[in-house]
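**Student:** need the 3D shape of this:
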Amino acid sequence: ALTGLLVFLLVFSMVWPVRKFYTMPPPDLVAQLYGPLNPFVESPLVARQVARLTGPEDYVFIAGSEPQILYYAKRRAPARFGGMYGMMMEHPKALEYQKEVIGCLKKRPPKVMVMVRSPLSWLRQAKSDTMILEYIDTMIKDHYRLVGGCVRRKDIAYWEEPLGKGHEFSCSMLVYRRKDK
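**Tutor:** This is a model prediction of the structure:
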């Protein structure tokens, strides 16, 4: 009986402080756990738009570290890297990784690019090489058009297409589509 009581008290002491999480709807739970500024919260919303704008065989490049967008949209990346962390950290292979991704983008230009604007998605360090950032900026400017974005207003996020004037600056993620030739 004493062992049963101790087990009950142990489980109760672990569950009681987090009891509210068991009844939250999934979007509220994600926002509560990851915080309101983490782009993970908007990933399903953006993924629905990516899936709408692309076909199953199209490549999608996520300029950030949100590979779950590819999973939710059931799309493929043109490069083997699922995020930017490895290219933005200070280590000997960072520039090599950036060059590899640039080569993949040239070889398999994505139909859609998602620009994640949260610093939490990049973890860029002071001494990070910026070659990939410069290439992505040029690529977007020359070959893509802005479709829409995920606008943040306090604790809510919503898709806006086309973006209203000045709303681009409120977006946690921007979605660009390759211009038709």
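
**Student:** which of the helices and strands in this structure ranks last by mean pLDDT?
**Tutor:** Across the helices and strands of the chain, mean pLDDT, DSSP states H and E gives its lowest value to helix 26-34, namely a mean of 71.

**Student:** low-confidence regions, this structure specifically.
**Tutor:** When the per-residue scores of the chain are filtered using pLDDT under 70, the ranges that remain are 27, 30-31, 34-38, 154-155, 181.

**Student:** now with 90, please.
**Tutor:** 1-2, 15-43, 64-65, 81-92, 94, 117-130, 150-160, 162-172, 180-181 (pLDDT under 90).

**Student:** can you pull out the strands in the protein?
**Tutor:** Listed in chain order, the strands found in the chain under DSSP state E are 60-63, 112-116, 144-153, 156-160, 171-178.

**Student:** just send the ones you listed back as CSV, with mean neighbour count and distance to Phe81 too.
**Tutor:** Where you see a C-beta, it was placed from the backbone N, CA and C, and this is true even at glycine. CSV is the format used below for these (neighbours: other CB atoms under 10 Å; distance: least, CB to CB, whole Å):
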stretch, mean neighbour count, distance to Phe81
strand 60-63, 25, 10
strand 112-116, 24, 14
strand 144-153, 19, 20
strand 156-160, 16, 26
strand 171-178, 23, 18
